[in-house]
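I need the structure of the sequence given here:
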Amino acid sequence: MAGLNGVTSAPPITAQSYSGGAQIADNFQSFLQLLTTQLQNQNPLDPLDTNQFTQQLVQFAGVEQQISTNSTLAALLQVMDTSRLTGAVDYIGKQITAEGATTVLDEQSAVWNINVGSEAPQTTIVVSDAAGNQVYTQDINLTKGNNVYAWQGKSSSGQVMPDGFYTIQVVARDAKGQPVTATTDIQGKVTGVELENGEPVLKIGDTIRVKLANIKSVVTPPAAPPADDSSDT
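Numbering: from 1, shown residues only. This next block holds a predicted model:
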């Protein structure tokens, strides 16, 4: 009787060999057909070594289990993404304050919060446009704690600047000229939520993006008073 190739001549089974469960099923079916043929035609005086096809069966089972695990993990990650996005939706319509130095000039108004650790009477404010060009500088006095800084959208020479992204830089010094730690925050109303690399990001207006980890405070705007439908009689 013509000899048949042994079971161990089949290509090794690895997770990289297959892109999904369907391909695993096709290859497993072919393996079983080959194994059945070999068992039917084996030499009774020299039977097949059961360890050979047992190892192949274990490899198939292991790869199938790995693919199933990967599919389960993918499904769990999708559920987690959806859950995080759903939770972030609660921020829409609320006023937030978040760490940041870049905000939007809109209708000649841009506002930052500047926090300093101590009195900083010798403070220089520098505002730069999206290209990094310094467009405005001002020397001011900052008190300890939170200070609201509003820029009216004009350059140092009085030119009206176009709406867009602007970044503030704060160089704070005390009365003796020693540096004072200063941090900046931006604020605005959340208008939407997006997923970036699996993480929810809040939108302020149409352009500013804020990570949840950078949020420092959330305020629900007061409800608008009901309309007065009464009419004079």
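
Quick check: residue 114 touching residue 180?
No. Taking CB atoms under 8 Å as the definition, residue 114 is not a contact partner of residue 180, at 10.7 Å. C-betas here are computed from N, CA, C, even on glycine.

Neighbour count for these two, which is higher?
residue 114 (22 against 19; other CB atoms under 10 Å).

And the more buried one, how far from residue 120?
9 Å (CB to CB, to the nearest Å).

hey, what's in contact with both of these two?
142, 172, 182 (CB atoms under 8 Å, 6 or more residues apart in numbering).

in the protein, which segments are predicted with low confidence?
By pLDDT under 70, the low-scoring segments of the chain are 1-32, 34-36, 38-54, 56-58, 60-86, 223-233.

one more time with 90, if that's ok
1-96, 104, 106-109, 187-213, 215-233 (pLDDT under 90).

Beyond the helix or strand harbouring residue 123, next helix or strand please.
Element membership of residue 123 [criterion: DSSP states H and E] is strand 120-129. Toward the C-terminus, strand 120-129 is succeeded by strand 134-142 as the next helix or strand (DSSP H and E).

coming back round to it: hey, what's in contact with both of residue 114 and residue 180?
Residues touching both residue 114 and residue 180 comprise 142, 172, with contact defined as CB under 8 Å, 6+ apart.

Please enumerate the strands of the protein.
Ranges of strands in the chain, per DSSP state E, are 95-99, 102-105, 110-116, 120-129, 134-142, 145-151, 164-173, 182-196, 199-204, 208-211, 215-219.

Need those strands in CSV (columns: distance to residue 59).
Formatted as CSV, the strands of the chain follow (distance: least, CB to CB, whole Å):
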stretch, distance to residue 59
strand 95-99, 52
strand 102-105, 54
strand 110-116, 61
strand 120-129, 61
strand 134-142, 65
strand 145-151, 64
strand 164-173, 56
strand 182-196, 38
strand 199-204, 38
strand 208-211, 44
strand 215-219, 49
